[in-house]
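A.B. asks: My questions are about this predicted structure, shown below with the sequence.
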Amino acid sequence: MKPLKKSISITLDDPVLEKIKELAEIRDRSVSSCINIILREYLEKNKPEEKL
C-alpha cells in the first residue's frame, strides 16, 4: 500500500522551478515527484542530531 500524501502549496524561485522542471523531464517524472525526491534526499543527509 502506498503511503498517504498531503497536498500543499509552495512558492519557488523561478530558476529553481525551471531546474526542477528540466530534471522532471529528463527523468520522466512529475515536478511533484522530483520535489519529493529532492526533499527526501536532503532530509536524509541532514538529519538533526538526537538530543540526550
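C.D. replies: That came through fine. Numbers count the residues shown, from 1 in each chain.
A.B. asks: just checking, what packs against the helix or strand of the chain with the lowest mean pLDDT?
C.D. replies: Among the helices and strands of the chain, helix 31-45 carries the lowest confidence by mean pLDDT, DSSP states H and E, at a mean of 95. In terms of contacts (3 or more Cβ pairs under 8 Å, 6 or more residues apart in numbering; DSSP states H and E), helix 31-45 is packed against helix 14-27. (Glycine included, C-beta is placed from N, CA and C.)
A.B. asks: buried ones in the helix it packs on?
C.D. replies: With burial defined by 16 or more other Cβ atoms under 10 Å, the residues of helix 14-27 counted as buried are 20, 24.
A.B. asks: So for the least confident helix or strand of the chain, what gets flagged as buried?
C.D. replies: For helix 31-45, the neighbour count (16+ other Cβ under 10 Å) marks 34-35 as buried.
A.B. asks: what residue ranges in the protein score low on pLDDT?
C.D. replies: Within the chain, the stretches with pLDDT under 70 are 50-52.
A.B. asks: Excluding chain neighbours, what is closest to the residue nearest the centre of the chain?
C.D. replies: Compute the mean C-alpha point of the chain, and by Cα atoms, centre = their mean the closest residue is I35, 2.3 Å away. Closest residue to I35 apart from its sequence neighbours, by Cβ to Cβ, 6 or more residues apart in numbering: I20 at 6.2 Å.
A.B. asks: That neighbour contacts S32, doesn't it?
C.D. replies: No: contact between I20 and S32 fails when scored by Cβ atoms under 8 Å: they sit 9.6 Å apart.
A.B. asks: What separation is there between I38 and S9?
C.D. replies: 17 Å (Cβ to Cβ, to the nearest Å).
A.B. asks: for I37, same thing?
C.D. replies: 19 Å.
A.B. asks: Repeat that for K19.
C.D. replies: K19 is 20 Å from S9, by Cβ to Cβ.
A.B. asks: what's the distance between the residue nearest to I35 and L4?
C.D. replies: Taken as Cβ to Cβ, the span from I20 to L4 is 23 Å.
A.B. asks: I'd assumed K21 was in contact with the residue nearest to the centre of the chain.
C.D. replies: No: counting by Cβ under 8 Å, I35 stays clear of K21, with 10.5 Å between them.
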